[in-house]
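Trainee: Give me a model of this one.
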Amino acid sequence: MSENSTTEHRERQKEEVHLRACRALIAANISEYEQQYEERHRETKELFDAVQSGNVELYDQMMTSKSLEEHSLNQLNKNQSAYDKPFFGRIDYRNMEERLFESIYIGKHGILRDKVDVEIVDWRAPISSVYYENEIGEGTYSIPDSHRDGGGRVYHIDLNLKRTYDIEEGRLQGFYDSDVAANDELLVKYLSKNRDAVLGDIIATIQKEQNEIIRESPFHNILVQGVAGSGKTTVAMHRISYIMYNYKERFTSNEFCIVGGSDILIDYITGGLPELDVYDVKHMRMDELLARLLKREWKKKYKIVPPAPNLAWKSKMLFASELEQHLQRLRDHILGNCVVCDEDIGMLLSQKNNDNFIRGNPEYSINRLLVTLDERLRARIKLQCQGREEIGIYPKKLAQYKNYFSNHCYKGSVVSLYLQFLEVYGKAYYIDMAPVAERIARGVFDVYDMAAMLIIYYRTLQRRPDEEFGQMFIDEAQDFGPIVYYALRTVLPECYFTIMGDVSQNVNYECGMNEWHDMRQKIFCGANDSFRVLAKSYRNTIEISDFAGKILSSASKGAYKIQPVIRHGEPVHFVESISLEEAAGMSVDIVRDMQQKGYETIAVICFSDREKEEAVRRLSRQIPLTDSDKSGFCKGVMALTVPETKGLEFDCVLLWKPDLQGYRDNPKLAKLLYVAATRALHELFVVR
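Mentor: Now for the predicted structure:
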């Protein structure tokens, strides 16, 4: 045996011994936490029964016991999850300041040896960034400040070893020493697995460019352009987990909100969050979020419809800009002359004083300014009346100027103000607003109507700032036009946004975003706003990527090209049929073959609602189909339209009767076809 082989053998033996020791510790932890959880659960139940029986003085003790019970359960779950794969990485380094040598193992969960000592470091811990980002040699890492931007103390290190482990069911399959976070061989191995397995292993294979987004300051807004399969959704999920772990003193879980365009996408995202130690975050569709922010202005009887392509002008920044100018004119008209001078007690509010106050509070709505001006007026009356000899002059003047400004508060609805603006806008741009106004008067809106009304609500009626959200994560962002983000950014000035999208996948071609210009130049253009690009695709095989790349050249005119990870698979299968009946029969055979191969998630993707109905009718006679409306994203065979697949991925995809000729001269069709083709992890069939 050569010297190198002997060294490798010894190193492997040492790693196997360490792995067994870690698993023994975890097994002991599991036993301890099981016993601890049972005891605390029993104690909590006894205290709860006592409180229910009237012994209310035990309430605080019950809540403390419940908190301890939840802690024990959390630790139990972490250790159980870590048992089969305790760690995936290791770094050996020297702390340059303290001259201390450290060897640290990194895992999906932090594992404690006792109450103080850490056996395995959590991947979200600051030191773990060294594994993802640093090369061998001197470097740094920092500990974030949980209350402000800019980070905390910076540590200088000399990295000697970075090792990635391949562990399956408690057995060491191999390890790789590398200057990059995850060895390509291991990455390709993980990517070759079924979808569920890929999600389970992704923490070990986070790439540097992904990690930089995950660990970016939570006090920054981030726009991410990522090609299909670049891990946008996964990065967003891990960023939530990272922020909640490192900034728990600043943000609570109920300040987080995940936003998507469809229920199935939100179900897909939230299904993986518990595995990342993320619980109790809000999640909703974009229309639900806008309705929530409109508060009482949004009525239950209102109906939401998809945006009409011929009304795409409502989605643009020009529409938002004209609306803001209209509202500013309204503001100037109502607040332009607020001078109050009383003949008995003198100047109460001067024009200069009012102008300074109004300019100094641009976030105040017109109604809120009027109410606040009344408060300032009362305070000024009190000051002017002090020391005056006239009996009863103070209450007299208070009564005289009661509701002096707030009597002018607008008491109508946001809808009425919106209709007034549409009339003005229509005349300016020669647009017939009658059909739009008639629909809105019936209470039928699209998301762009809702965004415009949200701006109106914020500028005119809002009573107090909305502080519900601290962190907003928006996936498949390109499906909505800029006015939606302008509205959100305007009404939530204290909220930070992580926005993920791909303009090549905009299925709402007329209304959505086909480029990032407005977002970068007009909405998120501050010092703490950044734009990132994820160009490497980890989802598809080379064969599928090549097919998708040809479509992409029509979809985005080459603006964002795919850089696929080198993973080969089956060629794209083109299946010719002479009738719908034959196409259905061939599709059934394909699905059964794929299930025999062990694929668990299979999608039949259609290019219209009518084609989906046809496919479901024909296929469901021979194979069971999962109803996505009832089940959300789950294993099995699903028939979906292209918009319904946004942000999702499947082991195998079958394209039902696509137009492989028309997309070359039709960017809208090209985007639909590109989205559909890039949903496939392993195999893609085109049934024509």
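Trainee: For Met594, see how far away Phe633 is.
Mentor: Relative to Met594, Phe633 is positioned 18 Å away (criterion: C-beta to C-beta, to the nearest Å). To be clear about C-beta, it is placed using only N, CA and C from the backbone, and glycine gets the same treatment.
Trainee: After the helix ranked longest in the chain, which helix or strand is next? Please name it.
Mentor: Of all the elements of type helix in the chain, the one with the most residues (DSSP state H) is helix 3-52. Sequence-wise, the next helix or strand downstream of helix 3-52 (DSSP states H and E) is helix 59-82.
Trainee: how far off helix 3-52 does that following helix point, in degrees?
Mentor: Between the direction of helix 59-82 and that of helix 3-52, the angle (axes from the mean of the first three to the mean of the last three C-alpha atoms, to 10 degrees) works out to 160 degrees.
Trainee: Which of the residues in helix 59-82 are classified as buried?
Mentor: Neighbour counts using 16 or more other C-beta atoms under 10 Å place 62, 65-66, 68-69, 72-73, 75-82 of helix 59-82 among the buried residues.
Trainee: Also stretch 18-28?
Mentor: 18-19, 22-23, 25-26.
Trainee: can you list the residues that contact the helix or strand Leu654 falls within?
Mentor: Counting by DSSP H and E, the element that carries Leu654 is strand 650-656. Counting by C-beta atoms under 8 Å, 6 or more residues apart in numbering, the neighbours of strand 650-656 from elsewhere in the structure are 194-195, 583, 587, 590-591, 594, 599-607, 611, 615, 638-639, 673, 676-677, 679-687.
Trainee: From the residues you listed, keep the buried residues only.
Mentor: Neighbour-count burial (16+ other C-beta under 10 Å) applied to the contacts of strand 650-656 gives 194-195, 583, 587, 590-591, 594, 599-607, 611, 615, 638-639, 673, 676-677, 679-687.
Trainee: Filter these down to just the ones in strands.
Mentor: In strands, defined here by DSSP state E, the members of these are 601-606, 638-639, 680-687.
Trainee: among those, which two are most distant?
Mentor: By the measure C-beta to C-beta, Cys606 and His682 form the most distant pair in those, at 20.5 Å.
Trainee: Closest to the mean position in the chain, which residue would that be?
Mentor: With the centre of the chain defined as its mean C-alpha position, the nearest residue by C-alpha atoms, centre = their mean is Phe473, 2.5 Å away.
Trainee: how far away is that one from Phe480?
Mentor: The separation that Phe473 has from Phe480, given C-beta to C-beta, amounts to 14 Å.
Trainee: And Asn211, by the same measure?
Mentor: Separation of Asn211 from Phe480 (C-beta to C-beta) stands at 27 Å.
Trainee: higher neighbour count, these two?
Mentor: Phe480 (26 against 21; other C-beta atoms under 10 Å).
Trainee: need the contact list for that one.
Mentor: When contacts are counted by C-beta under 8 Å, 6+ apart, Phe480 is found next to 261, 286, 315, 447, 508, 511-513.
Trainee: same check, this time on Asp344
Mentor: Under the criterion of C-beta under 8 Å, 6+ apart, the contact partners of Asp344 comprise 393, 397.
Trainee: Ok, the one 4 residues further on next?
Mentor: Taking C-beta under 8 Å, 6+ apart, we find Leu348 in contact with 340-342, 377, 380-381, 384, 401.
Trainee: Select only the buried ones of the residues you listed in PyMOL?
Mentor: Paste this into PyMOL to select the buried members of the contacts of Leu348, with burial taken from 16+ other C-beta under 10 Å:
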select buried, resi 340+377+380+381+384+401
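Trainee: what about Leu625, neighbour count?
Mentor: Burial of Leu625, expressed as a neighbour count using other C-beta under 10 Å, amounts to 16.
Trainee: Let me know the pLDDT of it.
Mentor: Taken from the predicted model, the pLDDT recorded for Leu625 is 90.
Trainee: so where's the stretch 551-688 of the chain uncertain?
Mentor: Along the stretch 551-688 of the chain, the model assigns pLDDT under 70 to residues 554-559, 628-631.
Trainee: Could you check this protein and say which of its helices or strands has the lowest average pLDDT?
Mentor: Considering only helices and strands, the least confidently modelled element of the chain by mean pLDDT, DSSP states H and E is helix 195-201, at a mean of 50.
Trainee: what comes up buried for the helix or strand following that one?
Mentor: Note on helix 195-201: by DSSP H and E, the next helix or strand toward the C-terminus is helix 208-214. Within helix 208-214, the residues that qualify as buried by neighbour count (16+ other C-beta under 10 Å) are 209-214.
Trainee: mind giving me CSV with the residues you listed and columns for pLDDT?
Mentor: Shown next, in CSV, are the buried residues of helix 208-214 (pLDDT from 0 to 100):
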residue, pLDDT
Glu209, 91
Gln210, 92
Asn211, 92
Glu212, 93
Ile213, 96
Ile214, 95
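Trainee: and which of the residues you listed is nearest to Gly569?
Mentor: Proximity of these to Gly569, judged by C-beta to C-beta, is greatest for Gln210, which lies at 22.5 Å.
Trainee: And the strands in the stretch 101-250 of the chain?
Mentor: 111-112, 118-122, 137-142, 154-168, 171-177, 221-226 (DSSP state E, counting those that start in this stretch).
Trainee: Need the winner for burial among those.
Mentor: With neighbours defined as mean count of other C-beta atoms under 10 Å, the strands of the stretch 101-250 of the chain peak in mean count at strand 221-226, which reaches a mean of 24.
Trainee: just how off-centre is it within its chain?
Mentor: 11 Å (C-alpha atoms, centre = their mean, to the nearest Å).
Trainee: And stretch 6-19, by the same measure?
Mentor: The gap between where stretch 6-19 is centred and where its chain is centred comes out at 41 Å by C-alpha atoms, centre = their mean.
Trainee: Would you mind pulling the contact partners of stretch 33-52?
Mentor: Where contact means C-beta under 8 Å, 6+ apart, the residues beyond stretch 33-52 that reach it are 58-59, 61-62, 65-66, 68-69, 72-73, 75-76, 79.
Trainee: let's go with 10 Å and repeat that
Mentor: 55-80 (C-beta atoms under 10 Å, 6 or more residues apart in numbering).
Trainee: before we move on, what about stretch 419-431?
Mentor: So stretch 419-431 is contacted by 311, 313-314, 318-319, 322-323, 325-327, 329-330, 412-413, 432-434, 436-437, 440-441, 449, 452-453, 455-456 (C-beta under 10 Å, 6+ apart).
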